[in-house]
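Chemist: Sharing a sequence plus its predicted fold:
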Amino acid sequence: MGLHHELTRDLLEIKAVQINPDNYFTWTSGIKSPIYCDNRLTMSHPAVRRKITDAFVKIIKEMDEKPEVIAGCATAGIPHAAWLAERLDLPMVYVRSKPKGHGKGNQIEGEFEKGAKILVIEDLISTGGSSIEAAKAVQNQGGEVLGVLAIFTYGLQKSVQEFSAAKIPFQTITGFDLLVDALVEDGKITKEEKNELLLWRNKV
């Protein structure tokens, strides 16, 4: 079993991903969903967070261009960016959702040279909006964004369209499709329930 499948089951086991088709969750965006992913829980599980770092490293090894700086999206992307930067012995910065309201008014904390190749780390991609805004903040400060890496994606068509429009590549370790497959394999949901979940996702 590969890291992608292992981590899918790890997220289920630590309840970072929860499915409730009878009582929908409400995301920050206002979308009503039968699935909720809280990757912040991975911080409390050393074995899981090490696997996440391993998976990010594996993805980076397959990239044509290698990052010179790792950027974490505030807030949940920051710890994973830190662990990855430490593993790769690279500088790290983090990106706020908006410029700080006091002091120097920084949106990006830390520093990098203009033209530096930067990889943005996020915990979760839903519509893609916050990740793209973070990447654009890096670009506005002179960084060359190689792409966005995240732990999980809901696989919404809107996110694919948004990243494509922004011309920013993205990749995730696992996501909705692997999740529902694992749930069927483990007997947690039926194939019919899987199809209903996929239908919901494809309509959002």
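Modeler: Perfect, I can see it now. Because the structure is a prediction, the values reported are computed rather than measured.
Chemist: Tell me what the spatially most central residue of the chain is bridged to.
Modeler: Centroid check for the chain by Cα atoms, centre = their mean gives A150 as the closest residue, at 2.4 Å. Counting by DSSP bridges, A150 forms beta bridges with E122, T172.
Chemist: how far away is it from V138?
Modeler: 15 Å (Cβ to Cβ, to the nearest Å). Yep, even glycine has a C-beta here, placed from its N, CA and C like the rest.
Chemist: picking up where we left off before, could you tell me the model confidence score at the residue nearest to the centre of the chain?
Modeler: pLDDT recorded at A150 is 98.
Chemist: Could you verify my assumption that it touches F170?
Modeler: Yes: under the criterion of Cβ atoms under 8 Å, A150 makes contact with F170 at 6.9 Å.
Chemist: where's G110 relative to E185, distance?
Modeler: From G110 to E185 the distance is 42 Å (Cβ to Cβ).
Chemist: With neighbour numbers in mind, choose between these two.
Modeler: G110 (15 against 11; other Cβ atoms under 10 Å).
Chemist: so who does that one touch?
Modeler: When contacts are counted by Cβ atoms under 8 Å, 6 or more residues apart in numbering, G110 touches P91, M92, V93, Y94.
Chemist: cool, T172 as well?
Modeler: I125, L149, A150, I151, F152, T153.
Chemist: can you check R50 too?
Modeler: W83.
Chemist: Distance check, it against H80.
Modeler: 11 Å.
Chemist: Just give me how far the longest helix seen in the chain sits from the chain centre.
Modeler: When the chain is parsed with DSSP state H, its longest helix is helix 46-61. Computed by Cα atoms, centre = their mean, to the nearest Å, the chain-centroid distance of helix 46-61 equals 13 Å.
Chemist: so how far is the following helix or strand past that helix from its chain's centroid?
Modeler: Per DSSP states H and E, the first helix or strand lying C-terminal to helix 46-61 is strand 69-73. Put simply, strand 69-73 sits 12 Å off its chain's centre (Cα atoms, centre = their mean).
Chemist: Could you do stretch 52-65 as well?
Modeler: Offset of stretch 52-65 from its chain centre (Cα atoms, centre = their mean): 14 Å.
Chemist: Do I have it right that Y36 meets Q18?
Modeler: Yes: taking contacts as Cβ under 8 Å, Y36 lies within contact range of Q18: 5.2 Å.
Chemist: Are there residues contacting both of these two? Which ones?
Modeler: F25.
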